[in-house]
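Peer 1: just the structure for this:
(2 chains)
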There are 2 protein chains.
Amino acid sequence: MAEKTAVQDVYPDDYSWCYGCGKLNDQGHQFKTRWNGELTETVYTPEPEHTAVPGFVYGGLIASLIDCHGTGSASLALHRKNGHEPGDGHEPPRFVTASLKVDFMKPTPHGTPLRAVGTMEEIHPKKWKVHTEVFAADILCVKGEVTAVVMPESFLKQIKTTSPS
Amino acid sequence: MAEKTAVQDVYPDDYSWCYGCGKLNDQGHQFKTRWNGELTETVYTPEPEHTAVPGFVYGGLIASLIDCHGTGSASLALHRKNGHEPGDGHEPPRFVTASLKVDFMKPTPHGTPLRAVGTMEEIHPKKWKVHTEVFAADILCVKGEVTAVVMPESFLKQIKTTSPS
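Peer 2: The predicted structure follows:
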């Protein structure tokens, strides 16, 4: 079975420069978020330099993972609500983060893939809350919550005037 | 007048590998947090690749700035409470982040230095809350809150066994 399409792979090019998850940002993390049943999943293996202290993953990287996993999950959820799946030829909606909350429950070991798993809650048609659990080697290390909103028109206009493409 | 010593410049080497603020992590951001009167300050200019969308700073980078600014500010506050200032020959205490909250109030423009300004609140002798405001060109764009705790002994022991130094 072919791997499911990641939502970030079908974001329009103008919105694909994110340092966390933009497919066109060569120097970024290129996080990829996909459906896994009714949950969403983003798997990422930290680079050697992504340490907090030796042996443990940097919290800011985990916050970044939760952030992009959150906006990606919200996009997947609204896209599915609209009757679409990534790769069906329809552009998914693009979200921005209104707020981010991260609880570091235990130190996250370095050297193993991290798996962010999300559940989505609709607050309003244009505002979704994504609850995320981050596992390292199946141990729950971090919990996160992202409130994501559909990218406002004013933001889109500003992007159009500054896009490198 | 000489520039004030940043707290990260006097963290012990074993705790200087943080991707956000470790002075020994060549590939990291090397955030530097200093006293500015009774407030703390971390100034950082995002790299060209640190974009969310073209023209705006990536939220995960801002979360990272708030995270390290938070632990650094807590360290400065407890160090001063103990009668010390960075550079006086005494090692500052090292904190870890228990939780992080970030409110993105408006898009943060790229291409200008970001200034994180912190106020510290003692919750408990080993637990501090740091309230941060992030300004871009004097415009308040993001608010953050970090709950930082003195690094637990168990964590220290694990570091000693995995340190690259």
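Peer 1: all contacts plus neighbour counts: C-alpha atoms, from now on.
Peer 2: Will do.
Peer 1: what's the spacing between residue A:51 and residue B:130?
Peer 2: Relative to residue B:130, residue A:51 is positioned 22 Å away (C-alpha to C-alpha, to the nearest Å).
Peer 1: now swap in residue A:158 and tell me
Peer 2: 32 Å.
Peer 1: so the residue nearest the centre of chain A versus residue B:111, what's the distance?
Peer 2: Centroid-nearest residue in chain A: residue A:69, 1.9 Å away (criterion: C-alpha atoms, centre = their mean). Noted for residue A:69: a distance of 26 Å to residue B:111, by C-alpha to C-alpha.
Peer 1: from residue B:107, how far off is the residue nearest to the centre of chain A?
Peer 2: Using C-alpha to C-alpha, residue A:69 is found at 19 Å from residue B:107.
Peer 1: do I have it right that residue A:93 meets residue A:80?
Peer 2: No. Applying C-alpha atoms under 8 Å as the test, residue A:93 and residue A:80 come out as separate, 10.4 Å apart.
Peer 1: the more surrounded of the two?
Peer 2: Neighbour count, other C-alpha atoms under 10 Å in any protein chain shown: between residue A:93 and residue A:80, residue A:93 has more, with 21 against 13.
Peer 1: helix or strand for that one, which one?
Peer 2: Assigned by DSSP states H and E, residue A:93 falls within no helix or strand.
Peer 1: show the model's pLDDT score for it.
Peer 2: Confidence at residue A:93, expressed as pLDDT, is 95.
Peer 1: pLDDT below threshold where in chain A?
Peer 2: Scanning chain A for pLDDT under 70 picks out A:1-3, A:159-165.
Peer 1: quick one: the strands in it?
Peer 2: Secondary structure of chain A, counting by DSSP state E: strands at A:33-36, A:39-44, A:95-104, A:114-124, A:127-136, A:139-150.
Peer 1: out of the ones you listed, nearest to residue B:40?
Peer 2: Ranking the strands of chain A by proximity to residue B:40 (C-alpha to C-alpha) places strand A:95-104 first, at 22.2 Å.
Peer 1: from the contact counts, what lies against the closest one?
Peer 2: Contact here means 3 or more C-alpha pairs under 8 Å, 6 or more residues apart in numbering or on different chains; DSSP states H and E; on that basis strand A:95-104 packs against helix A:59-81, strand A:139-150, strand B:95-104.
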